[in-house]
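*Asks:* could you look at this predicted model? Sequence included:
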Amino acid sequence: MKTLILTFGLGLLAALRAQDLPGVEEENQEVSGTGTWYLKAVASDKKIPGKNESLSVTPIMVKSLEGGSVELKFTVLVGGQCHEISVILEKTDEPGKYTAYEGRHVVYVIPLSVQDHYVLYSENNWVRHQIRMAKLLGRDPEVNQEALEEFEKVVEARGLKTDSISIPKQRAEACSPGSA
């Protein structure tokens with residue numbers, strides 16, 4: 001479960017840079033991506049923590065770091081337990097591609113046609129297991145039906161099943177790690 005929570009968190013970290021990638025010239029991808037983002041939907045080829053439980057997330061606080069890397073902080077409530085996650089996502093030479101944990105996690109940022117909505121597609125390797133996930137992120141907490149439909153198409157194109165899509169509950173406030 002810890003592995004899946006980390007994987008879940010890593011994909012969310014890319015939100016900080018997600019707004020910078022589309023429409024930005026390759027030589028100038030240092031545009032600030034600081035701000036608040038919301039996880040709107042998640043799909044995975046493995047069981048997602050909380051899929052059959054009440055999964056809820058807080059707004060994602062994103063901070064730009066030197067060199068184009070980003071830090072993402074948020075809290076996830078899974079099975080009545082709070083998990084605070086803070087991860088550094090390292091910028092790569094390939095536009096739209098980021099890594100974390102010494103390259104074991106790779107995240108691709110895919111812009112949608114719906115304004116301020118992105119899909120974060122990640123391929124993560126943990127102890128001989130690969131976990132593939134797609135996450136829909138947006139600037140406001142409400143689910144946008146057009147963005148969700150486009151997300152479903154990306155999920156299918158990446159070989160994930162649309163019936164694995166879950167929509168987390170948005171929490172306005174963080175909780176203390178280890179508490180409900």
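*Replies:* Yep, it's here.
*Asks:* could you list the low-pLDDT ranges of the chain?
*Replies:* The chain contains residues with pLDDT under 70 at 1-33, 47-55, 126, 173-180.
*Asks:* now the helices for it?
*Replies:* Along the chain, counting by DSSP state H, helices occupy 2-13, 15-18, 145-157.
*Asks:* quick one: contacts of the last one?
*Replies:* I take that to be helix 145-157. Here helix 145-157 makes contact (C-beta atoms under 8 Å, 6 or more residues apart in numbering) with 40-41, 43, 110, 112-114, 117, 119, 121, 134, 136, 138, 161-162, 164-165. Just so you know, the C-beta spots here come from the backbone N, C-alpha and C atoms, and that holds for glycine as well.
*Asks:* what segments of this protein are strands?
*Replies:* 35-44, 56-57, 60-64, 70-78, 81-91, 97-100, 105-111, 117-126, 129-138, 169-170 (DSSP state E).
*Asks:* and the longest one, which strands flank it?
*Replies:* Strand 81-91 has the following strand partners under DSSP bridges: strand 70-78 (antiparallel), strand 97-100 (antiparallel).
*Asks:* tell me the most buried of these?
*Replies:* strand 70-78 (a mean of 22; mean count of other C-beta atoms under 10 Å).
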